[in-house]
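Undergrad: can't give you the sequence, but here's the structure:
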């Protein structure tokens, strides 16, 4: 451990940017106008930059439209509004601004010196497609900038503003994509990066897109969407699944048994607000609702349907932005041909309602006995604990391995990780491993913002290592570099990964969960056939 701390400290000294820039301008010119940023501790940042027009009024439930040009120099020193939502108290990344419907802005951090053609990283936040924003302190990009990266974060519409269907909407502007407005925002932000990032010293041909949870699911969308081709060169997925779409394979207009279409759900919502009918007049009334009325209390804690059916559906297979599930696209070799880095946490999300072991293993069918052996489940096992492990593996861990394997099988670089480290101050509370989203402050090296006075030297060392691995991948497509334990590339025969272990020492090697992931994979492949 001491050796790793020493090595990481030396690495930090090598990669740190100058503490201050001499005579570095804080102004840049983008396609909509001039911007003025701010320099702090050797990093030049620009915040609240519009990448699209405010999606309000008649632009509610429309694809993002071009940002209006401005004259003069626009100050870009404060975050813009995060997108409209109802925040919830237990959010792992609390918002730093008040949510509003006028929210399509992005932020850029870069080294304060005048370097050009720097690698670019673009972050997509999670939050179940109903919460999240780019303003949380743990998402600050200054540590990546000190690693020699131009870092970008942006907002995309969430909840009913981002994912909504209605018959009159489908008929309106028939040539436009429908339903997945949040995904359209993500693509629009990447197009903005392609056009403008060179002005910040970034290389538009060396862009890495990465995200966590719903953001990781968004990266799967970008890897498989025809509309995102050529917008990035590498991808990182943190706890984003990789087989089915995260919120199900819902359709825009066609309902399935037990899976109503996004349009049907939109009609449910309209009826709940007292709006009857499905014509243009009903749509006009929906657009006239206040932002608070459209939100209607929706957040991560209230996503379930009511007595009259669901009123929020999330992303859908719309036929233009989303044409296939990730699994179908990867099996057919239809993904973007780029290097990937993917993984999940050791106590990731994956609930189970099973009350008995019989119920836990019933989905494995003829493989039930094999699955019980792989999970070491016996009469003394707690069905809740085993059910959570099975749910986590089937939802997050095995799909990550599946994705790495699919890319590696096509000769593309693929690296898998498992994040098992728990902050010293949380070891008494998180006894089964690292929960969902807890890797984020380590990846961003913002653990001081997350843990404050409880931060330890070991926490900081793990953060420095994770941040450097991620930055290395953005630079070269390979996370390895001087002073770091070796991270093996994924191969089906080696089944290797990097484990950010509970003791704080990253270690590459064969996956110790191979047996249980093999049986989870067999069940998933059987269900797909």
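TA: Yep, that arrived. What you see is a predicted model, and the numbers here were worked out from it, not measured in a lab.
Undergrad: can you pull out the helices in the stretch 251-400 of the chain?
TA: Along the stretch 251-400 of the chain, the segments classed as helices by DSSP state H, counting those that start in this stretch run 262-272, 280-288, 291-295, 326-331, 357-361, 368-374, 383-392, 398-409.
Undergrad: quick one: list the elements packing against the fourth one.
TA: Using 3 or more CB pairs under 8 Å, 6 or more residues apart in numbering; DSSP states H and E, the elements in contact with helix 326-331 are helix 214-224, helix 398-409. C-beta: built from backbone N, CA, C; applies to glycine.
Undergrad: now do the residue lying closest to residue 225 once chain neighbours are set aside against residue 75, distance only.
TA: Sequence neighbours aside, residue 321 is the residue nearest to residue 225 in space, at 5.5 Å (criterion: CB to CB, 6 or more residues apart in numbering). Distance, residue 321 to residue 75, by CB to CB, to the nearest Å: 34 Å.
Undergrad: who's more crowded, these two?
TA: Ranked by neighbour count (other CB atoms under 10 Å), residue 321 and residue 75 place residue 321 first, with 25 against 13.
Undergrad: make sure the more buried one is actually in contact with residue 187.
TA: Yes. The criterion here is CB atoms under 8 Å, and residue 321 meets it with residue 187 at 7.3 Å.
Undergrad: what touches both of these two?
TA: With contacts taken as CB atoms under 8 Å, 6 or more residues apart in numbering, the residues that reach both residue 321 and residue 187 are 225, 227.
Undergrad: quick one: the nearest residue to residue 136 once chain neighbours are set aside from residue 507, how far?
TA: Setting aside the residues directly before and after it, residue 136 is nearest to residue 93 in space (CB to CB, 6+ apart), at 3.8 Å. Look at residue 93 and residue 507: by CB to CB, they are 28 Å apart.
Undergrad: between these two, point out the one with more neighbours.
TA: residue 93 (25 against 14).
Undergrad: touching, the more buried one and residue 131? I think so.
TA: No. Look at residue 93 against residue 131 with CB under 8 Å: they stay out of range, at 9.1 Å.
Undergrad: which residues of the stretch 101-250 of the chain score low on pLDDT?
TA: Residue ranges of the stretch 101-250 of the chain with pLDDT under 70: 247.
Undergrad: which residues does residue 454 contact?
TA: Counting by CB under 8 Å, 6+ apart, residue 454 has contacts 423-425.
Undergrad: and those, which is closest to residue 494?
TA: Ranked by distance to residue 494 (CB to CB), those are led by residue 423 at 30.4 Å.
Undergrad: what lies in contact with the longest strand seen in the chain?
TA: Longest strand of the chain, by residue count under DSSP state E: strand 202-212. Defining contact as CB under 8 Å, 6+ apart, one finds that strand 202-212 is touched by 110, 117-126, 150, 190, 193-195, 197-198, 217-219, 222, 231-240, 341, 437, 439-440, 470, 473-475.
Undergrad: residue 468: which element?
TA: In this assignment (DSSP states H and E), residue 468 forms part of helix 457-476.
Undergrad: relative to strand 202-212, how tilted is that helix?
TA: Angle, helix 457-476 to strand 202-212, by axes from the mean of the first three to the mean of the last three CA atoms, to 10 degrees: 130 degrees.
Undergrad: now helix 457-476: average pLDDT?
TA: Across helix 457-476, pLDDT averages out at 98.
Undergrad: what of stretch 293-303?
TA: The model assigns stretch 293-303 a mean pLDDT of 92.
Undergrad: so what touches it?
TA: By CB under 8 Å, 6+ apart, stretch 293-303 touches 84-88, 90-91, 127-128, 130-131, 159-161, 269, 272-273, 286, 311-312.
Undergrad: which of those residues count as buried?
TA: 84-87, 91, 127-128, 130-131, 159-161, 269, 286, 311-312 (16 or more other CB atoms under 10 Å).
Undergrad: which of those lies closest to residue 514?
TA: For the buried ones among the contacts of stretch 293-303, the nearest to residue 514 is residue 128 (29.9 Å; CB to CB).
Undergrad: separation between the closest one and residue 292?
TA: For residue 128, the distance to residue 292 (CB to CB) stands at 19 Å.
Undergrad: now swap in residue 282 and tell me
TA: Going from residue 282 to residue 292 by CB to CB gives 20 Å.
Undergrad: who has more neighbours, these two?
TA: Remark: of residue 282 and residue 292, residue 282 carries more neighbours, 19 against 11, as counted by other CB under 10 Å.
Undergrad: burial count for residue 229?
TA: Residue 229: 10 neighbours (other CB under 10 Å).
Undergrad: domains of the protein?
TA: 1-338, 342-399+419-529 (automatic domain parsing).
Undergrad: distance to residue 411 added to those domains, as TSV?
TA: Below are these laid out as TSV (distance: least, CB to CB, whole Å):
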stretch	distance to residue 411
domain 1-338	9
domain 342-399+419-529	11
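Undergrad: still on that earlier bit, buried stuff in the helix or strand that the helix holding residue 468 is followed by?
TA: Counting by DSSP H and E, the element after helix 457-476 in chain order, helix or strand, is strand 496-500. Of all the residues in strand 496-500, those buried under the rule 16+ other CB under 10 Å are 496-500.
Undergrad: and for stretch 326-336?
TA: Buried residues in stretch 326-336 (16+ other CB under 10 Å): 326-327, 329-331, 335-336.
Undergrad: quick one: contacts of that stretch?
TA: Contacts of stretch 326-336 (CB under 8 Å, 6+ apart): 220, 222-224, 228-229, 232, 235, 241-245, 323-324, 399, 402-403, 406-407, 410, 524, 528.
Undergrad: rerun at 7 Å
TA: 220, 223-224, 229, 242-244, 324, 403, 406, 410, 528 (CB atoms under 7 Å, 6 or more residues apart in numbering).
Undergrad: widest-spaced pair of those residues?
TA: Between any two of the contacts of stretch 326-336 (CB to CB), the greatest distance is 25.1 Å, for 229 and 528.
Undergrad: in this protein, which residue is most central in space?
TA: By CA atoms, centre = their mean, the mean C-alpha position of the chain lies nearest to residue 215, the distance being 1.8 Å.
Undergrad: return the set of residues that bridge with the nearest residue to that residue once chain neighbours are set aside.
TA: Leaving aside its sequence neighbours, residue 215 sits nearest to residue 124 (CB to CB, 6+ apart; 3.6 Å). Residues in a beta bridge with residue 124, per DSSP bridges, are residue 211.
Undergrad: residue contacts, residue 124?
TA: Residue 124 makes contact with 186, 209, 211, 215, 218-219, according to CB under 7 Å, 6+ apart.
Undergrad: residue 227 too?
TA: Residue 227 neighbours (CB under 7 Å, 6+ apart): 187, 320-321.
Undergrad: looking at the residues you listed, which is nearest residue 249?
TA: residue 321 (14.2 Å).
Undergrad: do I have it right that that closest one meets residue 180?
TA: Yes. Under the criterion of CB atoms under 7 Å, residue 321 makes contact with residue 180 at 4.9 Å.
Undergrad: look up how far residue 314 lies from residue 248.
TA: Remark: distance between residue 248 and residue 314 (CB to CB) = 7 Å.
Undergrad: now do the same end-to-end measure for stretch 328-348.
TA: End-to-end distance of stretch 328-348 (CA to CA, to the nearest Å): 24 Å.
Undergrad: ok, which stretches of this protein are strands?
TA: Under DSSP E, the chain gives strands at 27-30, 33-36, 38-40, 43-50, 73-75, 105-111, 118-124, 150-154, 202-212, 234-238, 340-345, 414-419, 496-500, 506-510.
Undergrad: quick one: contacts for residue 340?
TA: Listed by CB under 7 Å, 6+ apart, the contact set of residue 340 reads 235, 237, 403-404, 407, 414.
Undergrad: sorry, back to before: quick one, which of the helices and strands packed on helix 326-331 is nearest to residue 431?
TA: Here helix 398-409 is closest among the helices and strands packed on helix 326-331 (CB to CB), at 23.1 Å.
Undergrad: contacts for the closest one next, please.
TA: Residues outside helix 398-409 that contact it (CB under 7 Å, 6+ apart) are 237, 241-243, 330-331, 340, 342-344, 414, 416, 490-492, 517, 520-521, 524.
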